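>>> turn this into a structure:
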Amino acid sequence: MRIGILSDTHDYLEMVDAAVGQLNRERVDLVLHAGDYISPFVIPRLANLRSPLIGVLGNNDGDHHLLAARFAEHDHLSLRGAFAAVTMGGMTIALLHGDDRELLQALIGRKAFDVVVHGHTHQVGVRKLGGTLVVNPGETCGYLTGRPTIAVLDTVARDVELLSL
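Got it, this is the predicted structure:
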């Protein structure tokens, strides 16, 4: 199974469209979004994904109720709140934004998940800590680094490919 991973889209519609296009070309089975959509007008662009999307909220997300309403307009999009535990392709995955550093470290350190996906720092990072694969896809928007990125997790090979947009 191939799982697309993105975070920190920050209202940059051109990059959201680029990410959606790339994930559709990659033929991912599922997409995980680690938060910071910012505004609800981003959600209809994410609805152009051909695969289901599970997302969580980030620290910069505005109107949570309106974001949830926009998600609910699309059967293949699901907003889970601040945290989601996902089991796909034989892997257990923790999905959170990552702004609560203590919580992030606890999830990694407890080794309860095969993969911990987070964003928030806008910095690409893929590392193995103990038995846990920790993935930060970087920033889809490219605002802070000038390098918009997403990632694809292969659950069979148990590796991550980073993709520049």
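>>> what helices or strands is the lengthiest helix in the chain leaning on?
Assignment by DSSP state H gives helix 13-26 as the longest helix of the chain. Under the contact criterion of 3 or more CB pairs under 8 Å, 6 or more residues apart in numbering; DSSP states H and E, helix 13-26 touches strand 2-6, helix 43-46, strand 149-154. The C-beta positions use only the backbone N, C-alpha and C, and glycine is treated the same way.
>>> could you give the angle of it to strand 149-154?
Here the directions of helix 13-26 and strand 149-154 differ by 20 degrees (axes from the mean of the first three to the mean of the last three CA atoms, to 10 degrees).
>>> ok so, going back, please identify the most buried of the helices and strands packed on helix 13-26.
strand 2-6 (a mean of 27; mean count of other CB atoms under 10 Å).
>>> a markdown table please, covering the helices and strands packed on helix 13-26 and showing mean pLDDT.
Below are those laid out as a markdown table (pLDDT from 0 to 100):
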| stretch | mean pLDDT |
| --- | --- |
| strand 2-6 | 98 |
| helix 43-46 | 98 |
| strand 149-154 | 98 |
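>>> buried residues in the longest helix of the chain?
Neighbour-count burial for helix 13-26, counted by 16 or more other CB atoms under 10 Å, picks out 15-16, 18-20, 22-23, 26.
>>> many thanks, I have nothing further to ask.
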